[in-house]
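In: coords below, sequence missing:
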């Protein structure tokens, strides 16, 4: 190439190189400008909450390199969130009103600890506009929405009016506070039964009553007003139409301070008891892409109407034709947020912290993709066999499940205390799978392996739900539990799909214990313990002959009884003596079974069912037939407290005649009122407890003639 040609080529390239250099410099300048404008991240935040949600916030903050400050009541001195935070301060006695609800005490700790921001979690002060206002005046960032959004959405009457203005579909109803029962009756007749009474400032199912007729409404009105006043300090209630066989489906939104709002798909929350969620999942098995988009866009429209910032949830009631109606907006992080995190891959707590610091949302609506399926079960300290009454006490044993697709959000540990002063949640168990079937299967196994002792808990009930055919099919509604368990939950309601599994596992465990006993040294020569392969399994009153043969990796169990497999049942596991959870396979089927030794026999829990099994020698089995049956004491003439709590009122007096169904007493426990009614007609013989008394479980309140 000639020098002239080379020079021409170079001269042609020069402008292009210059332009590229200018472009690079411009990019650097923009980058520097953006960096200069980028908000400064918090160095320390305070969590104005307790339990699992406080631990959850701490986890994200630590990941971001942010120091955390915990607050605690005297009852929570040794709580997990206190142990996990970088700093912790006591803010008062056990009662929430004297500790976690005291904004002044929390602000004092903020100043003392030099925290720059506050995450309120859920409950307590999370939707308290006055608290938000006080923080703003003190120059402290609130990791949540602004005061006006909290106020607007916290009032169900006003929020419904705002929703209508934003052209969001709403449930037919009366958007004014009711003055008295007379007005409530008139409105109910105008709308038509069934109707729903709701506390204007309510949440969590408190102050809500479904009424089918005037008689229901009269009783519910008094109770709803009283409960609303007690729980929220606001006794206003209103009425709206009750949608028959509805689904409860909610949309998660996230918004920043720059006007950007996205929706992160939906959550199905239809499995409820007393209007409180029990199981949640994302996505919904009912919602199609078009309905999801329509619901999401209305949720975004409502959020923009109130200039919303942070994580929020717009809840909808959806009928069987997929018509949806605005229910309420929760201006906080929801209990069930983990299922959204698992299907979107986003950390909602981290996003809340970032937008509170002034950052722009790092995602747009097009970036939001739903991948896989997630299910959450709320594990509560409550007794499902006694109408889900709260249980308190020490967790003498606590072993949470682990493994792929399993997440446990908790604020407790073995040896910790479940207090009567707070919500009875032990943990949230969340599982993830490629599809709904896999998520359900993983959840079922995880529940079977969740071992808790010291307090009553609802795991058997949750496990039964996971294995219920209607749940597996996805035929859900908010009336699911009431319809499927009208008389409450009992192990009798659960029919195990294959009882031979439990029998084979119990027999294998028994054989392992017998083999160990036979191998103990020091036995007299010629009189060593001999272990037979033949046993009698007692399942209730049924005597089932079994043969247990030890093989490599486990046992082969043959049940010689009609209705059971003719071939040997293969039990294979790495289970060790003394372990309380059996994980392995039974004839190739993966199983997880809680199995513990009783004084005589074994208690097994699997798939929501329980079996007490005795494995006896043939001689012992013959003697067992002559054992007397121990009958429980007769308590039919006593009204006993079914839970620990505060006795609010006694509605009867000595000598009074009562009819079945008549109110006898009202107990408050875990912030909920529980009305105790007469099971049959009778006359009051004695009243042994009065209003204001703190009651223990099974404490006698009154007796009948």
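Out: Thanks, I have it. Predicted model only: the values in this text are computed from it and were never measured.
In: three-state assignment of the nearest residue to residue 211 once chain neighbours are set aside?
Out: Nearest non-adjacent residue to residue 211, counting by CB to CB, 6 or more residues apart in numbering: residue 217, 4.3 Å away. (C-beta placed from N, C-alpha, C; glycine too.) Following DSSP: H, G, I helix; E, B strand; the rest coil, the label given to residue 217 is helix.
In: can you tell me which residues contact residue 217?
Out: Counting by CB atoms under 8 Å, 6 or more residues apart in numbering, residue 217 makes contact with 181, 184-185, 188, 195, 197, 211.
In: if you go through the stretch 601-705 of the chain in chain order, where are the helices?
Out: Along the stretch 601-705 of the chain, the stretches classed as helices by DSSP state H, counting those that start in this stretch are 618-624.
In: Max pairwise distance over the contacts of residue 217: which two?
Out: 181 and 195 (13.1 Å; CB to CB).
In: Settle it for me: which of the two has more neighbours?
Out: Legend: neighbour count by other CB atoms under 10 Å for residue 181 and residue 195, higher for residue 195 (27 against 17).
In: Against residue 185, how distant is the more buried one?
Out: Using CB to CB, to the nearest Å, we find residue 195 at a distance of 10 Å from residue 185.
In: One more: residue 306?
Out: From residue 306 to residue 185 the distance is 33 Å (CB to CB).
In: Those two: which has the busier surroundings?
Out: residue 306 (23 against 17).
In: quick check: mean pLDDT across the strand ranked longest in the chain?
Out: Using DSSP state E to define each element, the chain has its longest strand at strand 261-273. Here strand 261-273 scores 97 as its mean pLDDT.
In: And stretch 60-67, what's buried?
Out: For stretch 60-67, a neighbour-count test (16 or more other CB atoms under 10 Å) marks 60-61, 66-67 as buried.
In: Kindly report the same for stretch 376-389.
Out: 376-384, 388-389.
In: in the chain, what secondary structure element scores lowest on mean pLDDT?
Out: The helix or strand of the chain with the poorest confidence is helix 3-37; it has a mean of 43 (mean pLDDT, DSSP states H and E).
In: where exactly do the helices run in the stretch 101-250 of the chain?
Out: Going by DSSP H, counting those that start in this stretch, the stretch 101-250 of the chain shows helices at 103-113, 129-137, 147-154, 156-165, 181-191, 214-232.
In: highest average neighbour count across the ones you listed?
Out: Greatest average neighbour count among these goes to helix 147-154 (a mean of 22), per mean count of other CB atoms under 10 Å.
In: And that one, what does it pack against?
Out: Packing partners of helix 147-154 (3 or more CB pairs under 8 Å, 6 or more residues apart in numbering; DSSP states H and E): helix 129-137, helix 156-165, strand 324-330.
In: run the last query once more with 10 Å
Out: Contacts defined by 3 or more CB pairs under 10 Å, 6 or more residues apart in numbering; DSSP states H and E place helix 147-154 against helix 129-137, helix 156-165, helix 289-305, strand 310-318, strand 324-330.
In: Which of these comes out lowest on mean pLDDT?
Out: Among these, helix 156-165 scores lowest, with a mean of 88.
In: That one to strand 324-330, inter-axis angle?
Out: Orientation of helix 156-165 against strand 324-330 (axes from the mean of the first three to the mean of the last three CA atoms, to 10 degrees) gives an angle of 130 degrees.
In: quick one: helix 156-165 to chain centroid distance?
Out: With CA atoms, centre = their mean, to the nearest Å as the basis, helix 156-165 stands 28 Å off its chain's centre.
In: What helices and strands are in contact with it?
Out: So helix 156-165, by 3+ CB pairs under 10 Å, 6+ apart, packs with helix 147-154, strand 173-174, strand 195-199, strand 237-241, helix 289-305, strand 324-330.
In: Export the ones you listed as JSON lines, with columns for distance to residue 257.
Out: Shown next, in JSON lines, are these (distance: least, CB to CB, whole Å):
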{"stretch": "helix 147-154", "distance to residue 257": "12"}
{"stretch": "strand 173-174", "distance to residue 257": "34"}
{"stretch": "strand 195-199", "distance to residue 257": "31"}
{"stretch": "strand 237-241", "distance to residue 257": "33"}
{"stretch": "helix 289-305", "distance to residue 257": "13"}
{"stretch": "strand 324-330", "distance to residue 257": "18"}
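In: and residue 501, which of those is closest to it?
Out: In terms of CB to CB, the element of these nearest to residue 501 is helix 289-305, at 39.2 Å.
In: Could you list the buried residues of that closest one?
Out: Going by neighbour count (16+ other CB under 10 Å), the buried part of helix 289-305 is 291-292, 295-296, 298-300, 302-303, 305.
In: Neighbours of the residue nearest to residue 389 when sequence neighbours are not counted, how many?
Out: Closest residue to residue 389 in three dimensions, ignoring its sequence neighbours and counting by CB to CB, 6+ apart: residue 643, at 3.9 Å. Using other CB under 10 Å, residue 643 has 27 other residues around it.
In: Might one say that residue 643 is in contact with residue 383?
Out: Yes: using CB atoms under 10 Å, residue 643 makes contact with residue 383 at a distance of 8.0 Å.
In: Common neighbours of these two, please.
Out: Here residue 643 and residue 383 have 389-391, 456, 697 as joint contacts, going by CB atoms under 10 Å, 6 or more residues apart in numbering.
In: Just these: which are in strands?
Out: Reading strands off these with DSSP E, I get 389-390.
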